[in-house]
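A.B. asks: Here is my input; please provide its structure:
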Amino acid sequence: MIKFYDGVELTFVGFDDVGDNEPKNYVDYVRTNTCDPVSAIEVVLCQDGMVDLNYRLQGEKFERIRRITGYLTGTLDRWNDAKKAEERDRVKHGIIN
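C.D. replies: Reported below is the predicted structural model:
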């Protein structure tokens, strides 16, 4: 059974029915125990009546920064033609095993 609460997908395994407050409680519990944003939670009912929580965190957004020809840059879209040619013509070294 799949439910959604506050942008988090919850999958309940082994449950016949889920109360209205359970998705909120599981999301709140996981959010208080991790500092990263949560995208999905799997709630598995064990034979002893306890539950296992497996959760997936959202990936962090980042911008790649490279040092090219003495400049720190993320993209080359603001470079003039000469700088783009300098980057294109530079020697790119491979990894040695």
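A.B. asks: Quick check, central residue of this structure?
C.D. replies: Gly59 (1.7 Å; Cα atoms, centre = their mean).
A.B. asks: Local confidence estimate at that residue?
C.D. replies: With respect to pLDDT, Gly59 has a value of 76.
A.B. asks: For it, what is the enclosing helix or strand?
C.D. replies: For Gly59, there is no host helix or strand (DSSP states H and E).
A.B. asks: so how far is Val30 from it?
C.D. replies: Distance of Gly59 to Val30, computed by Cβ to Cβ, to the nearest Å: 17 Å. To be clear about C-beta, it is placed using only N, CA and C from the backbone, and glycine gets the same treatment.
A.B. asks: What residues sit buried inside the helix ranked longest in the chain?
C.D. replies: For the chain, the longest helix by residue count, based on DSSP state H, is helix 22-32. For helix 22-32, a neighbour-count test (16 or more other Cβ atoms under 10 Å) marks Glu22, Pro23, Tyr26, Val27, Val30, Arg31 as buried.
A.B. asks: Help me confirm that the second one comes into contact with Lys3.
C.D. replies: Yes - with contact taken as Cβ atoms under 8 Å, Pro23 and Lys3 are classed as touching, separated by 4.7 Å.
A.B. asks: Below-threshold pLDDT in this structure: ranges please.
C.D. replies: 69, 97 (pLDDT under 70).
A.B. asks: Just the element for the residue sitting furthest away from the middle of it, please.
C.D. replies: Distance from the C-alpha centroid of the chain, by Cα atoms, centre = their mean, peaks at Ala82 (37.5 Å). Ala82 belongs to helix 81-89 when assigned by DSSP H and E.
A.B. asks: Could you list the residues in contact with that helix?
C.D. replies: Helix 81-89 is contacted from outside by Ile68, Thr69, Tyr71, Leu76, Trp79, using Cβ atoms under 8 Å, 6 or more residues apart in numbering.
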